[in-house]
Structure formats: structure tokens, C-alpha cells
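Enquirer: Build the 3D model from these lines:
(chains A and B, ligands or ions: 1)
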Amino acid sequence: MKLTGAEIIWECLLREGVEVVFGYPGGAILPAYDAMTKYPKIHHVLVRHEQGATHMADGYARASGKVGVAIATSGPGATNMVTGIATAMMDSSPIVCITGQVGSKAIGTDAFQETDVTGVTLPITKHNYLVTKPGEIARAIREAFYIAKSGRPGPVLVDITKDAQQLSAEFDWEGAAPRLPGYRPSYHAPASEYARAAELINAAKRPLILAGQGIIKSGTTDAVLQLARVAGIPISTTLLGIGAIPASSPHNLGMMGMHGEAWVNQAIQQADLLIALGMRFDDRVTGNLKTYALNAKKIHVDIDPTEINKNVPVDVALIGDLGEVLAQIQPQVKPAERAEWWDLIKAQRGDAAVRDIQSLPDNGHLYAAHVINDIWRFTRDRDTIVVTDVGQHQMWEAQYYRHEKPRSLITSGGLGTMGFALPAAIGAKFACPDKDVWVVVGDGGFQMTMPELATAEQEKIKVNVAVINNAFLGMVRQWQEFFYDKRYAATPMTGPDFVKLAEAFRLKGLRCDRRSAVKSTVEKTLAEPGTVVIDFVVEKEDTVFPMVPAGADLDKMIRRPKQDVLAESGNDKDWEMPAAQGAPVAPVAAKPARNGRARPAPKPARAAAPRRAKAGRR
Amino acid sequence: MAKHTLIAYVEDVPGVLNRVASLFRRRNFNIDSLTVGRTEQAGVSRLTVVVDATEAGARIVEANLYKLVNVLRVDDLTHKASLMRELALVKVKVTPATRSQVLQLVEVFRARVVDVDEQTLVIEVTGTPEKIVKCELVMRPYGIVEIVRTGAVAMARGHELLSSAPPLVPTENVTGDHAHDTSGISMSV
Ligand SMILES: Cc1ncc(C[n+]2csc(CCOP(=O)(O)OP(=O)(O)O)c2C)c(N)n1
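Expert: Numbering: from 1, shown residues only, chains lettered A, B, ... in the order given. Got it, this is the predicted structure:
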């Protein structure tokens, strides 16, 4: 069958099972857009910025496990995608980006809207293609999908010249099957390595599983839990691993790393064996590498050989699919309780059990931690995906929203891309129309990509946008507070009236500045048929605790100074999941709460903060 | 840190050298030299890369090369019996007084004179990179006008590597997993 290159693009997308694409037209991709009208089965979402298209494709991919597709024109269209591609690369998200390119004869002449897009995206894609002939389009797209989703997933870009889209060629789907002699998506570790891993596990007194996103990507939640149960091994998750292990699982200690739980980081430092599953020892997870888990032997399971020994030297490396690896190890692992280890962890946990949220001062202010914890409480019976942006709110979400299911938290971990949340949430909603999708975003990050509200409105989809509005670039302000003597350079930030903004987009806007109003706000939001933007006016200078300063030892965490707690935040025993008591071995009596360091005087900034007026505070 | 010699077979497609170079730059690997050329097989090019790395570092370089979609196979010749050669052209100043001395040195290095005029000689010298450096060193007092080096190429000695090597001709049509021989990747520690 002879088709134009443009038609071949859509034929391929159809056959790859694509139902929705996110894109933005322009000259060099016009032939493809023109051909799109013949393919009504594929829904095209018109974004407001190509960065949004890539984040939507990314959010779609993370929510569904399928490949997300983004389309843009040459030059500025393609360069606008760079941030989204890099974001997907860092978090191993399978997306395929299709970009138009100037005519093949014009390549290299600095033609109008010509950019060397394969050159620009080379280091931030898993692979990329420049296609100059219509007959090569099908294979490039098939290979792109195959590469994007196999092995360690990642973004693949296909740059197609305008003439390749316009000219015709024989379309032969079968004949265009991937031919990738050098591509090795999967490896199989030798049997001897499985045995060594099992030996290490059986011999360990204080083993700990480090659960990463690989568990979500490989769908191995049950197998990991099984290993933990049989061998009595506690689990800690990375930021992207949240949801891989239910928060309510008695084996799940919580998140590790820079803003992880203090007792988790302490456990990592005490462990005699770390079993790293689909995680990559990011610096936000390890702190100072020189002092990281010195007592522990390390087993590293990852599908990507380049992750082995990259940051942390390991004793056994099992390169392969996590499901296969666990299936091999499992039968060789002896049942064990490891009661002593659990007792130690629980003792430390008791010690740290006065959680940050309970130490918030009662000054009538609304705290982000409360907002997030309350959203969780009031929505926990519903099937919810939360998409966060980057900053303090992201860490509070990780700490105070209890994720029970894989793919229920979508966040930019590796690249830390502000502006990610709203577009990624729109993508996630397309992937999972039956789920509630919440956006938790700072006032800074929201202002980066908020025009995508128009996309949500045009598409008539519902995402619930909780803007955690602290009138600061909060996370940067926090670093300035700690490490730059509170010189708040370029972090105080104003913004539009978010309620009016929502209304201007023909959407619903709500404002909430009291804890007691959070519940009704959430209820109103859920009752609304369309997208809602909520302006949660929170405490301006709040701090994410605990914190490992960048590069510091993992167990040297800064904790929140204990304050007089009460009233609105006070009676807060119920924030914690019952699971905390239901730990696998008999619970240990919690020691009286200590804070891990001398109690400093309350911070002048906070103590002096007057109760804010509701609106117009800036 | 030591010198590691890696051989990478790559698909001969546009941009492949760029991908390799970009990888080395991005990962901050220290390239000593990189050469590329055709092989006995159509569509396959062969790279010789000499990197300065620890043993573990070399494994990471190897794994990263493998991760490039266009890289077919990687061999680390560092600990194998192998030949390494580099070629240099050295243009040296000569005077009637020094000409014979230089020619004597050319003999010592088993090099050849490939161009002569009244003021200079061009010497073609082949050997290990160390030998080339030596040659440069002893020519320097006479005045080196210019020097050009090809970078090292390497090959394993004997027949063993060849016979145990996975076929270069790739499996057609992949849909499932590859049953590739991954013996080249010794990632376990
Ligand atoms: C695109 C981008 N630019 C800059 C940063 C650096 N950065 C990290 S967190 C942060 C502040 C985020 O502020 P806001 O969105 O208001 O969220 P908050 O921390 O206050 O919750 C900044 C600027 C980033 N991560 N991404």
C-alpha cells in the first residue's frame, strides 16, 4: 500500500496502540497534522507549550505503563521539548517524541526553524532518529516504540523531514519490524550470582530492602513483599519508589534520603546488607558517599548495567528483569524473623516518632503538611493519582500522603523539573480517566506551566489542582535559610489571584487558608465536574524536616525544633496509619519522644510571624 | 588509574561517532585516543578507544558503550595478549650537519623517511604509542616542525578471540528479548 510519509506516521501510531497524542503544530510538521484528520481514532490534545506535551506524554506513560506520544514542529517546537525529554530520561519514562524537520535538502543550511534536534537531544534520549525518506519512517517509529518501552524505559525522538512526510512510499508494517542488532534490553545474571545473593541474604542479621521505581516498572510489588515477609526484611522506598510498596504494609518503613524518615536513614547506616531493587543510589538518597552504609554489603538488582557500581560499589550485581531475579532468589532464601533488627528499628522509630507534622506550632496558620495529609484523609477511599511538582510541597507530599498503589504518585525525581505537575497530571488523566487526579504544586512551579489549564478546559477533563501557595520559592528559600544566612535572594514571589485566574480560564477557583476549611474545600472540589484550582494559602516560611544537608552523612539529619503543639494541628494522633502499630514483630514500647538534639529556641521568624490576613497579604 | 584499550564494533550509521564521543564527554570519561575505521564486514565499523580509568571505571565505560543502541560488541583488550599500533608523521628540521644523525635515529626506530627537502625530513614511524612518544622526544632537539599521530589501533593476538566471539551478523527482527551473548560484560564483582 502506497502512503505518504505523513500517513505512515499515523498508521504506525495506530498499530502501536496509541489512543492519544499531545502536540502542537507548525510548518515542518504540517503534513503530519494534515494527515491526522484521516485518523479520528487517535485523539490529539492541543497543548499550550511543547514542554507541556512532553510532560503530558510522560504523565500518561507513568500512569498507564504505556508509551506516551508527543508531537512538535521543528526548531522552537522541538527545543521546547528538551526539558520534558530530559525529565523523562532521568526518570526512565517511556515516551516517543515526533518532531518535524526542515526539508532534507535544506538540512545544514540554517533554514528557517532549523535546529539540529537529534544533536540537541542526543544526550537526553535513550536513542533518536533523523528520518529523511518516507520509506524509513515506519521502521524508525517501530524501533522508537520498542526501545522506549523495553529494558530500562526512556524517551526516544524521531525527527522527520518535511519532504519525508510529503513524499510517498510503500507502507509495509511487517517489513518494518525493528532491526536492532546492538540493542540489549535485557540481561540474565548467571545462576552463581543468584546463589551468592541468597547467601548474603540468609547470612544477614540486619538486611534492608531499598525499593525503587524499578519495582513499579516491572510490576513486582507482590514478589518484593513476599521476599520481605518470608525473610523478615524491612523495606524503605526512594521518592520514585513510593507506591511500589503500600504505605500501610508493616514492612514499609517509609522514604529514605534527604527528606526521608530519620529512622530509615539510621537503619540504612546500621544495616549489614542493602538489597537495592530497581533504584540507582542517587545522591539525594545516599548523602555523603564516603560514609554511606559502610556496615552493609550490597546487592544491586537493576536492568541497566551502567547503574552498577556507578555511585556505590556493590558486592553482588544482578542485572536483569526484577521479576526474573526475584523468582530466582526467592526459593533460595530461608524464612527468618530477624526480631532483633526489627526491635532496633522500632526503638529508633519510637525515638523519632514525634513526627514533624505534630511539631507544627499552633499559630492559626495553615501548614502544607496539614493540607496534604488532609487531602489524603478525605480522599483515601477513592482511587487517586497525585502528581506533584518540585519543591517543598513535593517532599511534604512524599511524607504525608500515604500511597497504597503503584503509579499513584507521579513526580519528577531525577531532574526535579518545576512546571511538571499540571501537564503531567493532564497526561495521567488521559491514561486513567476513571481515577481522580490531584496536582500538588507550589505557587512557583504552577506559574511555569499554568497555561495548560486552558488545555484541561478545552479537553473538558478534571484535574484537581492544589496550589500550595507560600509566596516563596519555598525549597530554595529553605536552603537560603539554612545555608545562606536567610538572605532570601530572588525567592519571595508574588503571583496572580489564583481563584480569579481559574475563573479566567472558565474553571472553578477556590481559596482555603484555615485548616478547618480544608475538608469542605476538598469536598467542593470533588463535587465540581471540571478542573478546579485551589489556592491553599499556607505558612510562608515553613521548613521541610527532617533534612540531610546536601553531601552530609545520611544519619546526620536536621530535625524540626520541637514547639508547642496544639489546637488545629494538635490532636493529630490520627494522621498516622494504623500500620505503624501493626509492625510484623511484637511492637516495642515507644520511648519518650526526644528530638535527637538539644531543643533550640523557636525561630524568631516564625514566632514573630503575625497571623496573616486572608487575602491580599502581599 | 591505568590505560584501558577497548574495541567497539558499531553499526556504520550516520552520527554513530558523535554518539560515542558524546557519551565520553557526558560521563566525563578520559579518552586518550579514539580511532575509527571500516572492518572486514560491510556496515560495521571498528573503534579503538584508549581510556584512562580504574578497573571498575573501565567496566562502567564498557557498559555505557553497550548501552548505545548502535554498538554491536565491546572487547576489552587490556588484559589480553594484544597488539597495539599507532602511526605518526614527524617533520623534522635538518641541516647538512644533522641530517645523518637524524637518519641514524630513523634506523634505530625502524622508521622510514617519506619526504625530503633541503630543510626538513618527514619520518613515518609506526609502533606502540610509547615508541612514538620516544621518537618525538629524540627528534625534538633537532626541531620538530609538525607532528601528526593517528591514535592507537589494537587487535588481539592469536585466534581465540575470533572463534569465541559472538557473530557480528545480527539477528534480524527483534520482538522479544535478545538471546545475546553477554559474556563480554563482566559486571559482577
Ligand atoms: C525548572 C526549574 N527551575 C528551578 C528549579 C530550582 N528549584 C527547586 S525547588 C524550587 C522552588 C519551588 O518553589 P514552589 O514551586 O513555590 O514550591 P515550594 O518549594 O514553595 O513548595 C526551585 C526554584 C527547579 N527545580 N526547576
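
Enquirer: domain ranges for chain B?
Expert: By the record's domain assignment, chain B is partitioned as B:1-80, B:83-149 (automatic domain parsing).

Enquirer: Go through the ones you listed and find the least confident stretch.
Expert: When mean pLDDT is averaged over each of the domains of chain B, domain B:1-80 scores lowest at a mean of 93.

Enquirer: same question for the host helix or strand of A:Y129, mean pLDDT?
Expert: Following DSSP states H and E, one finds A:Y129 within strand A:127-131. Averaged across strand A:127-131, the pLDDT comes to 98.

Enquirer: which secondary structure elements does that strand contact?
Expert: Using 3 or more Cβ pairs under 8 Å, 6 or more residues apart in numbering or on different chains; DSSP states H and E as the contact test, the elements touching strand A:127-131 are helix A:117-121, helix A:137-149, strand A:156-161. For the C-beta atoms, the positions are set from N, CA and C on the backbone; glycine is no exception.

Enquirer: looking at those, which is buried most?
Expert: Comparing these by mean neighbour count (mean count of other Cβ atoms under 10 Å in any protein chain shown), strand A:156-161 comes out on top with a mean of 27.

Enquirer: Output the set of residues of the stretch 101-250 of chain A in proximity to chain B.
Expert: A:118-119, A:122-123, A:126-127, A:130, A:146-147, A:177-190, A:193 (Cβ under 8 Å from any Cβ of the partner chain).

Enquirer: B:S22 and B:S100, how far apart?
Expert: B:S22 sits 49 Å away from B:S100 when distances are taken as Cβ to Cβ, to the nearest Å.

Enquirer: quick one: which of those two has more around it?
Expert: Relative neighbour count places B:S22 above the other of B:S22 and B:S100, with 15 against 10, counting by other Cβ atoms under 10 Å in any protein chain shown.

Enquirer: Just the element for that one, please.
Expert: Remark: B:S22 resides in helix B:16-26, with elements defined by DSSP H and E.

Enquirer: Pull out the buried residues from the following helix or strand past that helix.
Expert: In the C-terminal direction, the helix or strand that comes right after helix B:16-26 (DSSP H and E) is strand B:30-38. When burial is assessed from 16 or more other Cβ atoms under 10 Å in any protein chain shown, strand B:30-38 yields the following buried residues: B:S33, B:L34, B:V36.

Enquirer: Identify the residue spatially nearest to B:M84, adjacent ones excluded.
Expert: B:A154 (4.4 Å; Cβ to Cβ, 6 or more residues apart in numbering or on different chains).

Enquirer: mind listing what the residue lying closest to A:M547 once chain neighbours are set aside touches?
Expert: Leaving aside its sequence neighbours, A:M547 sits nearest to A:I558 (Cβ to Cβ, 6+ apart; 4.8 Å). Contact partners of A:I558, counting by Cβ atoms under 8 Å, 6 or more residues apart in numbering or on different chains, are A:F482, A:F545, A:P546, A:M547, A:V548, A:P549.

Enquirer: What distance do you get for the third one to A:R559?
Expert: A:P546 is 5 Å from A:R559, where distance means Cβ to Cβ.

Enquirer: quick one, which of those two is more surrounded?
Expert: In this comparison of A:P546 against A:R559, neighbours counted by other Cβ under 10 Å, the higher total goes to A:P546 at 21 against 17.

Enquirer: I'd say that one and A:Q266 touch.
Expert: No - A:P546 is beyond contact range of A:Q266, at 10.6 Å (criterion: Cβ atoms under 8 Å).

Enquirer: where do the contact lists of those two overlap?
Expert: Shared contacts of A:P546 and A:Q266, defined by Cβ under 8 Å, 6+ apart, are not found at any residue.

Enquirer: Retrieve the pLDDT associated with A:T379.
Expert: If you check A:T379, the pLDDT there is 95.

Enquirer: burial of it, as a residue count?
Expert: Here the number of neighbours of A:T379 (other Cβ under 10 Å) works out to 19.

Enquirer: Return the distance of it relative to A:G27.
Expert: Between A:T379 and A:G27 the distance is 44 Å, computed by Cβ to Cβ.

Enquirer: likewise B:N64?
Expert: Taking Cβ to Cβ as the measure, B:N64 falls 37 Å from A:G27.

Enquirer: now swap in B:T54 and tell me
Expert: Looking at B:T54 against A:G27, where the rule is Cβ to Cβ, the gap reads 50 Å.

Enquirer: Could you check which of the two has the larger neighbour count?
Expert: A side-by-side neighbour count of B:T54 and A:G27, using other Cβ under 10 Å, places A:G27 first with 15 against 11.

Enquirer: thinking that one is in contact with A:T73, fair?
Expert: Yes - in this structure, A:G27 is within contact of A:T73 by Cβ under 8 Å, at 6.1 Å.

Enquirer: quick one, the longest strand along chain B and strand B:30-38 angle?
Expert: Assignment by DSSP state E gives strand B:82-93 as the longest strand of chain B. Note on geometry: by axes from the mean of the first three to the mean of the last three Cα atoms, to 10 degrees, strand B:82-93 and strand B:30-38 are set 100 degrees apart in direction.

Enquirer: Can I get strand B:82-93 in CSV, CA atoms only?
Expert: Below are the C-alpha coordinates for strand B:82-93, written out as CSV (Å, rounded to 0.1, in the frame of the first residue of the first chain):
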residue,chain,number,x,y,z
SER,B,82,47.2,-8.0,22.0
LEU,B,83,48.9,-5.8,19.5
MET,B,84,48.7,-2.0,19.6
ARG,B,85,50.0,0.2,16.9
GLU,B,86,50.0,3.9,16.1
LEU,B,87,51.4,5.7,13.2
ALA,B,88,53.0,9.2,13.2
LEU,B,89,54.4,11.5,10.6
VAL,B,90,57.1,13.7,12.1
LYS,B,91,58.5,16.6,10.1
VAL,B,92,62.0,17.4,11.5
LYS,B,93,64.4,20.2,10.7
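
Enquirer: Sheet-wise, list the partners of that strand with their directions.
Expert: Strand B:82-93 has the following strand partners under DSSP bridges: strand B:120-127 (antiparallel), strand B:144-149 (antiparallel), strand B:153-156 (antiparallel).
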